[in-house]
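# Below are the sequence and a predicted model; questions follow.
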Amino acid sequence: MSDDNQEVTTDETHAHQIQPNLKPVWISIAAVASLSLWALISSHQATSSLEKFSTALGPVYLDYLNNKDRYTVDFTATEVQDVGNGFYLVRAEQEEHLTGLKYKGRIVNTTSVQRSNVEFKLIVGAHEKEFMINQISPGNSTAFDVYLPDVTPEAGRYGEIRHQQSSVSYSIR
């Protein structure tokens, strides 16, 4: 038997994962919307009220769509936090540095494959920066250190770490 090493590049920028805890909220919004819509249609002012209702519901639906794939992390929390696509953040911390904040932590690879040239994007409010981790073995973690200028500690507590792409190595026996 021989080992054939394979390497595959994955692009998970557009991976769609819905967090389970958002579904009940969306169902509740849909139920309220249905009841409100029925009440509006049965009234004499249905036309103008329906326009107002549609205008008011639009931002709620857009907010749901914009947030369904996001994994918000708290950079002041040290517990394990899911960042999606088989990666977790541990030992997160932030510290003031120059005009902004320096973010540190470890990214854990929970998948069963070797990841190399792993690209992530750190997003905090309107600020974002891409960073790369050379390699993360299956079940292991690797440290990162990213500086974002012009971010205050209050505004920089919460953010996202998104997996952009990586190479995957595996063996076939």
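On my side now, so go ahead.
# Map the structural domains onto the sequence of this protein.
The chain resolves into domains spanning 22-67, 72-172 when parsed by automatic domain parsing.
# how about the helices of the protein, start to end?
If you assign secondary structure with DSSP state H, the helices in the chain sit at 22-42, 46-67.
# looking at the chain, which helix or strand is least sure?
One helix or strand of the chain scores below all others by mean pLDDT, DSSP states H and E: helix 22-42, with a mean of 47.
# buried stuff in stretch 72-80?
When burial is assessed from 16 or more other CB atoms under 10 Å, stretch 72-80 yields the following buried residues: 73, 75. Placement of C-beta: from N, CA and C, glycine included.
# ends of that stretch, how far apart?
Taking CA to CA, to the nearest Å, stretch 72-80 runs 12 Å from one end to the other.
# go on, stretch 121-137?
20 Å.
# Least confident of the domains of the chain, on average?
When mean pLDDT is averaged over each of these, domain 22-67 scores lowest at a mean of 51.
# where exactly do the strands run in this structure?
Chain-ordered strands for the chain, with DSSP state E as the definition, fall at 4-11, 72-74, 81-84, 87-97, 100-109, 114-124, 127-136, 141-148, 158-172.
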